[in-house]
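> quick check, what structure comes out for this input:
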Amino acid sequence: MPASVIPNRGAMKDFVGPFDVPSKLTDEAYHVSFSHLWNAITTRHSDTVDSKFFVDGRGVIIGVAHTGLTDFREHAAREITDREISFLAAEYLRERLEQEDERPLYDVSRNDVLRLIKKIGIS
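Alright, predicted model coming up:
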């Protein structure tokens, strides 16, 4: 496996460790923990991979667009791992919380998926 791949090692609940996100607008810090991810086609009838996080104990879903994952696969000639998707979702959530954009559900567009893949350094 190339060094640029983040492999799926360990339990899914441990893919992303707990982290804090300080707001850029106030002194508030959000406490975030990752729970799991799943294919949302059957559960939400959405063409996404959903990641569940807890933000200060409240459940939050990050829906990552399959179209962005497909574009990555075609460009990189490999599938993105579940762990990499969870990192991507965590980074998107971090960006939203820094702006105090709190919601129970976020949908990450194709363009944001590709931007975050580049930002995180997945290749």
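
> now for Gln13: which residues touch it?
Let me fix one detail, which is that residue 13 is Lys and not Gln. Residues counted as contacts of Lys13 (Cβ atoms under 8 Å, 6 or more residues apart in numbering) are 34-36. No exception for glycine: its C-beta is placed from N, CA and C like everyone else's.

> which SS state does it fall under?
helix (DSSP: H, G, I helix; E, B strand; the rest coil).

> ok, the residue nearest to Leu88 when sequence neighbours are not counted to Gly59 distance?
Counting by Cβ to Cβ, 6 or more residues apart in numbering, Leu88 lies nearest to Leu116, which is 4.8 Å off, once chain neighbours are set aside. According to Cβ to Cβ, to the nearest Å, Leu116 and Gly59 sit 21 Å apart.

> cool, and Arg83?
Remark: distance between Arg83 and Gly59 (Cβ to Cβ) = 21 Å.

> more neighbours: which of these two?
The neighbour comparison of Arg83 against Gly59 (other Cβ atoms under 10 Å) goes to Arg83, with 19 against 11.

> in this protein, what residue spans correspond to strands?
Applying DSSP state E to the chain gives strands spanning 19-22, 29-39, 48-55, 58-65, 105-108.

> Glu98: neighbouring residues, count only.
Quick note: Glu98 (other Cβ under 10 Å) scores 14 neighbours.

> for the residue lying closest to it once chain neighbours are set aside, give its distance to Leu97.
Distances taken as Cβ to Cβ, 6+ apart place Lys24 nearest to Glu98, at 4.9 Å, with adjacent residues excluded. Distance of Lys24 to Leu97, computed by Cβ to Cβ: 9 Å.

> thinking again about what came up before, adding neighbour count and distance to Ala90, write the contacts of Lys13 out as CSV.
Supplementary listing: the contacts of Lys13 in CSV, determined by neighbours: other Cβ atoms under 10 Å; distance: Cβ to Cβ, whole Å:
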residue, neighbour count, distance to Ala90
Phe34, 23, 7
Ser35, 16, 11
His36, 14, 13
